[in-house]
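Student: fold the stuff below for me.
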Amino acid sequence: MVDETSEFYKPVSLPEVSSKIVTEEREGSPFKKQLWHEAKGQRISPDHGRSIEEAMSAGKVIWADEYGNYFGSRSWKGAPIVTPVVERDKYSPRGLRVYGLKDVVGLTRIEKASRLMRQQGLATERVVETRRLEKIIKSGGKVVPVKKWKANQVAEYEKRARKNKIRGGEPKPEEIKKYLKGTEFYVLERETQVGERLLDLAELNMVLDEYVVLKNGKVGHEGKIYSKEEFVKRFEELTQKEREKKLATWRESLKGEPSEAEVKAKEEELTERYKELKKAVEEAKVDSGAINSGFTFKKTLGRIFNWVNVRNELMGKEERFDVNKKEDIRRYLGEYLPREMGRYLARFHRLGLAHGFATFHNWSAVGTLYDLDSVHGKPLGDNKAITDEEISRDIGLSVEGIGVYLQEGRQEIVKTNLPYGYKGFLSQSFGEIEAERMRNKAYDEFNQSYTHEWRRQQPATRLRRVWGRRGR
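Tutor: Coordinates of the predicted model:
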């Protein structure tokens, strides 16, 4: 069944705007040169604000570079499909970025880091073409030269500043002027292992119960499709059982027997909440930006599992995953993925490199790192060797990323407007206790695999220093 309310894998029409090729390296790529506006594109999720995946080959083709690293996704980063807006970005070395565009930060560094990592068997992104944008799209769909757009942005913010309309947290006009003066904007055609990131897994964990309202008014529930009337009846039966269960749990949580008035008030509270949910079902009003069903979660895991299974087969590895088996989902998310991440990060650090922003945005859903513009270390020509603090930061951010996709602290990081009654996919499938065990197991797998890989070449004394700085 197709989840038609989902904001994942939405088709995107890419506009034709002028650009100029700066670099090109297609050796080993199975794809011919193709401008982004000629391709059939899709946005993997709303969080991919400036990356568009080529939809025809995604999840269907796997290929390797000259070093034996495997790829399965092709995308354009910085393709101008939304109105660009200057905003603060704590993950950018410059502190600012333009939403929807890729700036000049680290273009040479990306290519250099990518080649070094891939030569050492660390799969990552590979840039096959870089284009400098000469024109972009502004509000209203009008195409304008980049230079003119920059001037307009500065003038607009200066005007707002004179009227005291710059909100707290927004960049100041002088910051914007300095940033825009020192940067150009580019479209990177790149190849990656998969398009999905840890953040996508976290967003997909946000499930509204177990149903999804389709555009035709029918409702999907537990793999079956009902008419709206049929599902409303079924929904009433389900929610009555749920009310009774919640009421019983509430009674057990009390030290003594509640009064009749307290019971009545609790029943009314539960009834009102379920009435709101029932109304949403009856009217088929679903906030598609906030709801992604278990069907979509499994579709995404299916793409990821398919890539991992084929890659493992090509490499002679035995491990396989089936998206229809709960045990395989638990094994992948709670053991395999964090183990791959730990091993990968330790090998990365052994090269003398640190990422700086090894966050859930930059870890792929198969345990490889992307967005290499912040990668640094002596092998890239930097003067200073990476420090214990920098290694510790990478480890801490990576562990945080595991916690995010496994739902720990999700409300603080993933901004999702969820109605009452939601449960995450993992909590639905395994229960809260097992989901907590998965988190603990995942942290252990990451720590053990990192430690084991590190000790092959690095002294244990340094590892103890690094681990001591994590504060976890």
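
Student: may I see the buried residues of stretch 334-345?
Tutor: Within stretch 334-345, the residues that qualify as buried are G334, E335, Y336, L337, P338, R339, E340, M341, G342, R343, Y344, L345, counting by 16 or more other CB atoms under 10 Å. Where C-beta positions appear, they are placed from N, C-alpha and C, glycine not excepted.

Student: hmm, I typed the wrong one, I wanted stretch 103-118.
Tutor: Quick answer for stretch 103-118 (16+ other CB under 10 Å): 103, 105-107, 109-118.

Student: can you list contacts of that stretch?
Tutor: When contacts are defined by CB atoms under 8 Å, 6 or more residues apart in numbering, stretch 103-118 is touched by residues 23, 65, 67, 69, 92-94, 97, 123-127, 130, 182-186, 188, 348, 351, 353, 372-376, 379-381.

Student: OK, contacts around N312?
Tutor: For N312, the contacting residues are E318, E319, R320, by CB under 8 Å, 6+ apart.

Student: flag the shaky bits of the stretch 1-150 of the chain, pLDDT-wise.
Tutor: Within the stretch 1-150 of the chain, the ranges that satisfy pLDDT under 70 run 1-7, 14-17, 28, 32-38, 46, 49, 80-82, 90-91, 138-141.

Student: on that earlier part again, I'd like the buried residues of stretch 334-345 as TSV, with secondary structure and pLDDT appended.
Tutor: Below are these laid out as TSV (DSSP: H, G, I helix; E, B strand; the rest coil; pLDDT from 0 to 100):
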residue	secondary structure	pLDDT
G334	helix	93
E335	helix	96
Y336	helix	97
L337	helix	97
P338	helix	97
R339	helix	97
E340	helix	97
M341	helix	98
G342	helix	97
R343	helix	96
Y344	helix	98
L345	helix	97
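
Student: so which of the buried residues of stretch 103-118 sit within strands?
Tutor: The strands, defined by DSSP state E, take in D103 from the buried residues of stretch 103-118.

Student: re the thing from before, show the buried residues in the contacts of stretch 103-118.
Tutor: Applying 16+ other CB under 10 Å to those, the neighbour count classes 65, 69, 92, 97, 123-127, 130, 183-186, 188, 348, 351, 353, 372-376, 379-380 as buried.

Student: which stretches of this structure form helices?
Tutor: Taking DSSP state H as the criterion, the chain carries its helices at 107-119, 146-162, 173-181, 198-204, 228-253, 260-282, 294-314, 326-331, 337-350, 388-405, 410-413, 425-454, 460-468.

Student: of the ones you listed, which approaches D47 most closely?
Tutor: In terms of CB to CB, the element of these nearest to D47 is helix 198-204, at 5.4 Å.

Student: surely W307 is in contact with K60?
Tutor: No: here W307 does not reach K60: they are 10.2 Å apart, not a contact under CB atoms under 8 Å.

Student: so for the two, which sits in the more crowded spot?
Tutor: Using other CB atoms under 10 Å, the more surrounded residue of W307 and K60 is W307, with 23 against 10.

Student: quick one: that one from E335, how far?
Tutor: Distance from W307 to E335, counting by CB to CB, to the nearest Å: 18 Å.

Student: same check on L107?
Tutor: Using CB to CB, L107 is found at 37 Å from E335.

Student: before we move on, back to that, pick the one among the buried residues of stretch 103-118 closest to K77.
Tutor: Nearest to K77 among these, with distances taken as CB to CB, is I110, at 9.9 Å.

Student: could you check how far that closest one is from P338?
Tutor: Remark: distance between I110 and P338 (CB to CB) = 26 Å.

Student: so which of the helices of the chain gets nearest R88?
Tutor: Using CB to CB, the nearest of these to R88 is helix 173-181, at 8.8 Å.

Student: in strands only, show me the contacts of stretch 103-118.
Tutor: T23, R97, R126, V127, T130, F185, Y186, L188.

Student: dump those into JSON lines; add distance to I176 as well.
Tutor: Shown next, in JSON lines, are the ones in strands among the contacts of stretch 103-118 (distance: CB to CB, whole Å):
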{"residue": "T23", "distance to I176": "28"}
{"residue": "R97", "distance to I176": "11"}
{"residue": "R126", "distance to I176": "32"}
{"residue": "V127", "distance to I176": "27"}
{"residue": "T130", "distance to I176": "24"}
{"residue": "F185", "distance to I176": "14"}
{"residue": "Y186", "distance to I176": "19"}
{"residue": "L188", "distance to I176": "23"}
